[in-house]
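A.B. asks: A structural model of the following input is requested.
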Amino acid sequence: MLRSPWWPENEPERLPRLPGTMVDALARAAGSRPDHVATFYYGAAQSYGELHRRVLALTVYLRVVCGVRAGDRVVLTMQNAPQYVIAFHAILRADAVIVPISPMYRTDEMCHIVEDSGARIAIIASELIPEVLPIAGTRLDHVIVARYGDMLPTEQHFETPEVVSDSGPELPQGAAWHSWHSAMAQEGAPPEALRGPNDLCILPYTSGTTGKPKACMHTHSAMLYTAVLNARWFGIDEESVVTAFMPLFHVAGMQGSMNAAICVGATMVVTTRWNRELIPALFEAHGVTFWNAAPTMIVDVLGSPAFSERSFRRLRTIHGGGATMPETVAEALRKRFGLAFIEGYGLTETMSPTHINPPRRPKPQSLGIPVHETDARVIDPDTLRELGPNEIGEIIVHGPQIMLGYWNRPEANAESFLAIDGKGFLRTGDLGRYDEEGYFYAIDRLKRMINVSGYKVWPAEFEAMLYRHPAIRECCVIGAPDSYRGETVMAQIVLRDDFREPIEPADIIGWARAHMASYKVPRRVLFVRQLPRTASNKIDWRRLQNGERARGE
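C.D. replies: Now for the predicted structure:
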């Protein structure tokens, strides 16, 4: 593995470990600074002492009332809220295994995960009662229901989304249903936590490219590793104020915001729904220092009428990944505020980062360099031959953050892991390369390739070029069925609101022809008002791809 000369200064190659697990990390933060704010939620402050007391109350309730035992799987599904943080850490404290589910999932999707994981208990938000109702009392023995509004301040100074201010459906009748209030009123002390660093603690599900979602088996050690890693890499400490806007059910928000903050006792600013008009006021009120963000969030905030230079007065770092950051936006951050967008790379299978750009020398459009104790290489996906600098192949990774494997998927494990030099590597399914300084770059998903008359087109590479066009705000490139070529390139584009010159799809095609090989040029360009997004706020290219293929059949 090529070692980058830009490794962070004064940072050891081996990550200094915190003792124990995330359970111990929260207990330390609460014990050392019980009055320090753990979460701000639309103006309501929750201290670390309060957070820990609520975690312990819910832990006892899970154990005594719901009968949770060590190793049991517990579903957690709600939007970002203080209750999510409490529930997440109570499940860990109860020696159980968290099964985080997107709150966007519907009953059938939830049912698959409940059955696959074997979970019998769930903690949910009230708006999800209709989705859980068909499986409560049958597949789920106990369902604890939280209402976001219960954590709001008495006097509200910030606009709250309807899902927070609305109490939602009434708690259904029946032995399976439990109120959050009952859990918070539980008395007593939980038994000693027995799960250790090498024990299973979470089963986040990943959709992959085909088939039903698969659960990634992660240990307490992997969870604590990436939480500490994020905090050290970005200089997050007990005085930091960290955003928790990215979904906490997804590993990027879970580890890069929530658990990175908890492992050092930092403060989190939590919002349930994204509202670009509210963000500047929250930044000013709470003095945000670290923003974990998708590029679309940054574009939104900079374009908000409520934004002012004061909003970023304490902001030191912006970190994100998973989508292309337009160079014009990155340049604006550098020139106006002296801020660099620090991109990173990780998967659900890796409990978040395997690569992050070094803060002192980030490279635009780069995934960054392999982090502590992580061996990343590029191989030919067919022959498995290791490739050198600037050769495009599949990225593979080895390190402490890699999952144990997929839950109950031996065939997927056989396809996803390989041994090189006596080490077990995860095949990421991402095509990429690395340069002479050890920086990695993503080219595309291995299975997203468009085959145009035998020529390979990587949509992400093409999208990065399209973002250079002054009229384009967002774009997504997919393969469309073509009776002659097999597939042809199609671009769906959202135009910039402030671009005033007349423009037609033919103009984009002509511009592309001047900037790329002819086989890459889109034969079809469609202007749209917006592009669909996944739960983690990435452009949902699969939905567009599947829709186009369905129309071509």
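
A.B. asks: Tell me the helix or strand right after whichever strand or helix holds V163.
C.D. replies: V163 belongs to helix 162-165 when assigned by DSSP states H and E. Using DSSP H and E, the next helix or strand after helix 162-165 towards the C-terminus is strand 177-179.

A.B. asks: so for the next helix or strand after that following strand, what's the average pLDDT?
C.D. replies: Next along the chain after strand 177-179, taking DSSP H and E as the criterion, comes helix 180-184. The pLDDT scores in helix 180-184 average 98.

A.B. asks: let's have the chain start at 28 instead
C.D. replies: I'll keep to 28 as the first residue from here, and by that count the last item is helix 207-211.

A.B. asks: Which neighbouring elements make contact with the helix holding V190?
C.D. replies: Here helix 189-192 touches no other helix or strand, going by 3 or more Cβ pairs under 8 Å, 6 or more residues apart in numbering; DSSP states H and E. For the C-beta atoms, the positions are set from N, CA and C on the backbone; glycine is no exception.

A.B. asks: Using neighbour counts, pick out the buried residues of that helix.
C.D. replies: With burial defined by 16 or more other Cβ atoms under 10 Å, the residues of helix 189-192 counted as buried are V190, V191.

A.B. asks: Now tell me what touches that helix from outside.
C.D. replies: Y69, Q106, A108, E154, Y175, G176, L179, T299, R300 (Cβ atoms under 8 Å, 6 or more residues apart in numbering).

A.B. asks: The same query, at a cut-off of 6 Å, please.
C.D. replies: E154, Y175, G176, T299 (Cβ atoms under 6 Å, 6 or more residues apart in numbering).

A.B. asks: how about the last one, what does it touch?
C.D. replies: It refers to T299. Contacts of T299 by Cβ under 6 Å, 6+ apart are Q106, N107, A108, Y175, P188, V191.

A.B. asks: next one: the second one
C.D. replies: Going by Cβ under 6 Å, 6+ apart, Y175 touches A108, V191, T299.

A.B. asks: L553 against Q519, yeah?
C.D. replies: Yes. Counting by Cβ atoms under 6 Å, L553 touches Q519, with 4.9 Å between them.

A.B. asks: which of those two has more neighbours?
C.D. replies: Just comparing L553 and Q519: by other Cβ atoms under 10 Å the higher neighbour count belongs to Q519, 22 against 15.

A.B. asks: Could you give the bridge partners of that one?
C.D. replies: C503, L553 (DSSP bridges).

A.B. asks: What separation do you get for D264 and R60?
C.D. replies: Separation of D264 from R60 (Cβ to Cβ, to the nearest Å): 12 Å.

A.B. asks: could you give me the average pLDDT of the one helix or strand T86 maps to?
C.D. replies: T86 is part of helix 75-91 when elements are defined by DSSP H and E. When pLDDT is averaged over helix 75-91, the result is 98.

A.B. asks: for it, which positions count as buried?
C.D. replies: 75-79, 81-90.

A.B. asks: again, but for stretch 565-572
C.D. replies: K565, I566, D567, W568, R569, L571, Q572.

A.B. asks: Narrow these to those in strands?
C.D. replies: Applying DSSP state E to these, no entry is found in strands.

A.B. asks: Using CSV, lay out these together with pLDDT and distance to R361.
C.D. replies: As requested, these are arranged in CSV below (pLDDT from 0 to 100; distance: Cβ to Cβ, whole Å):
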residue, pLDDT, distance to R361
K565, 82, 24
I566, 90, 24
D567, 90, 30
W568, 90, 28
R569, 84, 33
L571, 92, 32
Q572, 87, 34
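
A.B. asks: Please identify the pairing partners of the helix or strand hosting I422 and their relative orientation?
C.D. replies: Taking DSSP H and E as the criterion, I422 maps to strand 420-425. Here strand 420-425 is paired, per DSSP bridges, with strand 402-406 (antiparallel), strand 450-461 (antiparallel).

A.B. asks: which residues touch the shortest one?
C.D. replies: Going back to what we said before, that points to strand 402-406. M28, P397, E413, L414, G420, E421, I422, I423, V424, H425.

A.B. asks: Can you flag the buried ones in those residues?
C.D. replies: Buried members of these, counted by 16+ other Cβ under 10 Å: P397, L414, G420, E421, I422, I423, V424, H425.

A.B. asks: Looking at those, which is nearest F467?
C.D. replies: Sorting the buried ones among the contacts of strand 402-406 by how near they are to F467, with Cβ to Cβ, puts I422 at the top with 6.6 Å.

A.B. asks: Can you pull the poorly scored residue ranges out of the protein?
C.D. replies: Scanning the chain for pLDDT under 70 picks out 28, 234-238, 350-351, 480-483, 510-511, 579-580.

A.B. asks: So for it, the centremost residue is which one?
C.D. replies: Most central in the chain under Cα atoms, centre = their mean is A279, positioned 3.0 Å from the mean C-alpha point.

A.B. asks: wait, isn't that one in contact with T270?
C.D. replies: No. Assessed by Cβ under 6 Å, A279 is found out of contact with T270, at 12.0 Å.

A.B. asks: Identify the contacts common to those two.
C.D. replies: Counting by Cβ under 6 Å, 6+ apart, no residue touches both A279 and T270.

A.B. asks: Mind exporting the C-alpha coordinates of the helix or strand that the helix holding T86 is followed by to PDB?
C.D. replies: Downstream of helix 75-91, the next assigned helix or strand under DSSP H and E is strand 100-104. What follows is strand 100-104, C-alpha atoms only, in PDB (Å, rounded to 0.1, in the frame of the first residue of the first chain):
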ATOM      1  CA  ARG A 100     -32.000  -7.700  18.200                       C
ATOM      2  CA  VAL A 101     -34.000  -4.400  18.700                       C
ATOM      3  CA  VAL A 102     -35.300  -2.400  15.800                       C
ATOM      4  CA  LEU A 103     -34.800   1.400  16.000                       C
ATOM      5  CA  THR A 104     -36.700   3.600  13.500                       C
END
